[in-house]
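Trainee: prediction below, plus the sequence it came from.
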Amino acid sequence: MTEGAADHGSRRFTAREAIDLVSTDFTDLPAPAPPGSYGPDGPLSWQGYGASRTRAADRTGEEESVVCGTAAVKGEDGRTTPAVLISFEFGFLGGSLGERTGDRLEAAHTYAREHRLPVVSLVATGGSRMQEGMRALVQLQRVARQSALTRAARLPQIAVLRDPTTGGGWATLGAGADVILALPGAQVGFAGSRVRPPDADPAAYTAEAQLAAGAVDAVVPEGELAEALALWLRLLTDPSTDPVPPPLALGGAGLPATGWDAVRAARAPRRPRAEAYVDACFTRRAAISGDRCGGTDEGMLCGFGVRAEDGRTVAYAAQAGTATRPAGYRTATRLIRLADRLRIPVLTLVDTPGAANDAEAERQGAGAAIAELFAAVAGAETPVTTLLIGEGGSGGALALAAPDNTWATPDSYFSVIAPELAAAILKRPAEDVRATADQLHIRPQDLVELGVVRGIVERGL
């Protein structure tokens, strides 16, 4: 990266202006002493590099491309959460990563682990510093190692993508974070503006495009960033070992008399859906979005919320009544594994006619996505509670269900296959579908008798 960086996208902030967006009590961490020294022009003796660094320092008031320190991030509710902040100074050689940048990033992560603090990265970088050659590029391995150690210490990492976030900074501190927020219009992509194909669509390299592609959780206006960050920090730093009690039923239906009655109740257009349950369960919540593999599924609601009854954090993954797509399963898997690592209990809400079975779903890896979710639920050490709130269509629903802690509402059913499909496979006429539903034993009370669910929840007041 050279002086005079890429084209402008959204408003660009200095490192300290970005810090001021989210906190007012920042304290710098001491800059680590370099383990060795090079000549003024760095490890490659790049002519003029030393002079470029001097001009960058004079222009920005910073000695390197990152500023690292501690701060308390305060939300509108008055609650503050201490964190380690890493803020890139794009005015210093395009926010590029050099060896001394790596020194500071390593020291910041080490401090975070020693003091049990979450890490927030306010990223604005053009990539690795070419004047240091491979000595700069290998800093990405160093940063990845520090991030992995912080992850293993069960500490959350949040990235805020500023303009621009490209190259290795995006591919480590940015895309590697647990939760990724972005400022509107920020340029975000592995390829910077000067190294893309000449016919590349610039709209693809934006925060909004990355959100649509499942690589970013939310695009947050600068005026809302402090509150959004404070909420995320509050949610992700509140572990608990107690399982979540199943929510009360929101629907007014009694227990179904027949299997087909159960199907009709679960498919009723006005039956309460996942959004209503999530709204009832939580006073405040923040959603994650996307599978980090290029996809999103609006039929799978995932995030963390403040539970209304006791104020503790609960992670939720909720099917919204549609056929779940591979991206939905992968997003739920990401949610459950993050909650498991941070020791946050999980609530899942099952409501789907089944996994999406179109050709595109197969091309997107439906089987592998479902398998990963089964594995995430089965392997979770944090407690998982499941409530069946509508249709439980085959393995596409079962993948989200806790094996020993699943409950059902009166207006729900669970079935190995939809009654219509079962009748078709058995070559039965359409008039036999209702009888087939009875044979499948899919009513909530049948599920209790079979030992598939623990019980039927009562209707809330």
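Mentor: Happy to help now that I have it.
Trainee: give the bridge partners for the closest residue to G252 other than its chain neighbours, please.
Mentor: Distances taken as CB to CB, 6 or more residues apart in numbering put R459 closest to G252, at 6.5 Å, once the chain neighbours are dropped. C-beta: built from backbone N, CA, C; applies to glycine. As for beta bridges, R459 partners with A249 under DSSP bridges.
Trainee: wouldn't R459 be in contact with A249 here?
Mentor: Yes: assessed by CB atoms under 8 Å, R459 is found in contact with A249 at 4.6 Å.
Trainee: and those two? which has more neighbours close in?
Mentor: A249 (23 against 14; other CB atoms under 10 Å).
Trainee: quick one: the helices in the stretch 1-150 of the chain, in order.
Mentor: 15-22, 49-60, 99-114, 133-137, 139-152 (DSSP state H, counting those that start in this stretch).
Trainee: with mean pLDDT and distance to L161 added, can I get these in CSV?
Mentor: Below are those laid out as CSV (pLDDT from 0 to 100; distance: least, CB to CB, whole Å):
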stretch, mean pLDDT, distance to L161
helix 15-22, 96, 11
helix 49-60, 96, 20
helix 99-114, 97, 17
helix 133-137, 95, 21
helix 139-152, 97, 16
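Trainee: reformat those helices as a markdown table; add distance to T331.
Mentor: Formatted as a markdown table, the helices of the stretch 1-150 of the chain follow (distance: least, CB to CB, whole Å):
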| stretch | distance to T331 |
| --- | --- |
| helix 15-22 | 26 |
| helix 49-60 | 39 |
| helix 99-114 | 27 |
| helix 133-137 | 32 |
| helix 139-152 | 19 |
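Trainee: any chance of these in TSV with mean neighbour count and distance to A320 as columns?
Mentor: Shown next, in TSV, are those (neighbours: other CB atoms under 10 Å; distance: least, CB to CB, whole Å):
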stretch	mean neighbour count	distance to A320
helix 15-22	20	32
helix 49-60	16	47
helix 99-114	20	36
helix 133-137	16	43
helix 139-152	18	30
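Trainee: how about the ones you listed, which one is nearest F88?
Mentor: F88 lies closest to helix 15-22 among the helices of the stretch 1-150 of the chain, at 6.0 Å (CB to CB).
Trainee: could you list every helix and strand that that closest one packs against?
Mentor: strand 66-74, strand 80-88, strand 119-125, strand 157-166, helix 222-236 (3 or more CB pairs under 8 Å, 6 or more residues apart in numbering; DSSP states H and E).
Trainee: which residues does that helix contact?
Mentor: Defining contact as CB atoms under 8 Å, 6 or more residues apart in numbering, one finds that helix 15-22 is touched by 13, 26, 60, 62, 66-67, 69, 71, 73, 85, 87-90, 120, 122, 124, 160, 162, 222, 225-226, 229-230.
Trainee: residues near the residue lying closest to A308 once chain neighbours are set aside, how many?
Mentor: Nearest non-adjacent residue to A308, counting by CB to CB, 6+ apart: T283, 5.1 Å away. For T283, the neighbour count with other CB under 10 Å is 12.
Trainee: likewise for G223?
Mentor: Around G223 there are 8 residues (other CB under 10 Å).
Trainee: residues shared between the contacts of R459 and A249?
Mentor: Common contact partners of R459 and A249 (CB under 8 Å, 6+ apart): P410.
Trainee: so, low pLDDT: which residues of the stretch 351-461 of the chain?
Mentor: 461 (pLDDT under 70).
Trainee: tell me which stretches of the stretch 201-350 of the chain form helices.
Mentor: Here the stretch 201-350 of the chain has its helices, by DSSP H, counting those that start in this stretch, at 207-212, 222-236, 259-267, 274-281, 326-342.
Trainee: highest mean neighbour count out of these?
Mentor: helix 326-342 (a mean of 25; mean count of other CB atoms under 10 Å).
Trainee: that helix to helix 222-236, inter-axis angle?
Mentor: Comparing the axes of helix 326-342 and helix 222-236 via axes from the mean of the first three to the mean of the last three CA atoms, to 10 degrees yields an angle of 60 degrees.
Trainee: list the contacts of T322.
Mentor: E298, G299, T352, P353.
Trainee: go on, P34?
Mentor: Applying CB under 8 Å, 6+ apart, we find P34 in contact with E99, R100, D103.
Trainee: and the residue nearest to the first one when sequence neighbours are not counted, how far from W46?
Mentor: The shortest distance from E99 to any residue other than its chain neighbours is 5.3 Å, reached at R135 (CB to CB, 6+ apart). When CB to CB, to the nearest Å is the yardstick, R135 and W46 sit 11 Å from each other.
Trainee: what sits in contact with each of those two?
Mentor: Counting by CB under 8 Å, 6+ apart, nothing touches both R135 and W46.
Trainee: wasn't G176 part of a strand?
Mentor: No: according to DSSP: H, G, I helix; E, B strand; the rest coil, G176 belongs to no strand; its state is coil.
Trainee: start the count at 42, not 1, going forward
Mentor: Will do, 42 is the new start, and the previous item becomes G217.
Trainee: and it, what does it touch?
Mentor: Residues in contact with G217 (CB under 8 Å, 6+ apart) are A185, S188, Q198, A200.
Trainee: could you give the bridge partners of the last one?
Mentor: Bridge pairing for A200 (DSSP bridges) gives the partners S162, I221.
Trainee: number of nearby residues for it?
Mentor: Using other CB under 10 Å, A200 has 27 other residues around it.
Trainee: verify the stated contact: it with A218.
Mentor: Yes: under the criterion of CB under 8 Å, A200 makes contact with A218 at 3.7 Å.
Trainee: which neighbours do those two share?
Mentor: Counting by CB under 8 Å, 6+ apart, the contacts common to A200 and A218 are S162.
Trainee: of the helices and strands packed on helix 56-63, which approaches R384 most closely?
Mentor: Of all the helices and strands packed on helix 56-63, helix 263-277 sits nearest to R384, with 10.6 Å by CB to CB.
Trainee: before we move on, the earlier item: in strands, which of the contacts of T363 appear?
Mentor: Residues of those located in strands (DSSP state E): T393.
Trainee: between the contacts of T363, which is closest to A442?
Mentor: T393 (11.1 Å).
Trainee: so what sits opposite the nearest residue to the closest one once chain neighbours are set aside in the bridge?
Mentor: For T393, ignoring the flanking residues on the chain, the nearest one in space by CB to CB, 6+ apart is Q360 at 4.4 Å. Per DSSP bridges, the residues bridged to Q360 are M341.
Trainee: Q360 and A315 touch, don't they?
Mentor: Yes: counting by CB under 8 Å, A315 is a contact partner of Q360 at 6.3 Å.
Trainee: list residues touching both of the two?
Mentor: Joint contacts of Q360 and A315 (CB under 8 Å, 6+ apart) are L342, L390, D392.
Trainee: are any of those residues buried, and which?
Mentor: When burial is judged by neighbour count using 16 or more other CB atoms under 10 Å, the buried members of these are L342, L390, D392.
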